[in-house]
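Trainee: Okay, sequence plus prediction incoming.
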Amino acid sequence: MSRDPITDAHRQWVAHGWDDAADGMAMVTSVVRVQQLLMERIDAALRPLDLTFARYEVLRLLSFVRSGELPMARLGSLLQVHPTSVTSAVTRLERQGHVERRRGQDDGRVVLATITTSGRDVVERATDALNAHVFTEPGLPADEVRRLTEALTSLRAGLGEQL
């Protein structure tokens, strides 16, 4: 008989006198586990296109911008990731021919990431795959998806994220 390990851990927290932390531990552990499960589905959808979710997010963001380009620093800010992560993703996308880097015309210190025709093509195919295999049916009914998203937004705000 299989049991939920998070429920078992909750029981252990209570048994060890950590009652005040038991619910929080179960919530945090559940969120981390759900993230792992969703990443497995995301990776399966993107793997045939030789993309990671980080690289997909860069391409999707660039494709949403009318000019198709953004300063590297702005990319990191919008994606809420460390500049090193953006540099790594853009470097890989550049090797794949999906992004080009160039210096800004007004300020040569600014490095711009620009989506290519190849990048536009692959991001559309990736979005189709993610919509079909992850986003349309994330594992909960639509009303629960909206409630969970609202709860997670509240959690993000409660943890100090500026919304």
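Mentor: All right, it came through fine.
Trainee: alpha carbons only for contacts and neighbour counts from here, please
Mentor: Noted.
Trainee: quick one, helices of this structure?
Mentor: Per DSSP state H, the chain carries helices over the ranges 5-15, 19-46, 53-64, 72-79, 83-95, 117-130, 142-158.
Trainee: Buried deepest among those, which one?
Mentor: helix 53-64 (a mean of 20; mean count of other CA atoms under 10 Å).
Trainee: quick one on the thing from earlier: which among the helices of the chain is found nearest to V111?
Mentor: Nearest to V111, of all these, is helix 72-79, at 5.9 Å by CA to CA.
Trainee: what's the closest one in contact with?
Mentor: E57, V58, L61, H82, P83, S85, V86, T87, V110, V111, L112, A113 (CA atoms under 8 Å, 6 or more residues apart in numbering).
Trainee: and the angle from that helix to helix 83-95?
Mentor: If you take axes from the mean of the first three to the mean of the last three CA atoms, to 10 degrees, helix 72-79 sits at 110 degrees to helix 83-95.
Trainee: Could you pull up the residues touching L61?
Mentor: Contact analysis of L61 by CA under 8 Å, 6+ apart lists L75.
Trainee: before we move on, what about D128?
Mentor: By CA under 8 Å, 6+ apart, D128 has no neighbours at all.
Trainee: returning to what we had before: out of the helices of the chain, flag the one nearest D106.
Mentor: For D106, the closest of the helices of the chain is helix 72-79, at 15.1 Å, according to CA to CA.
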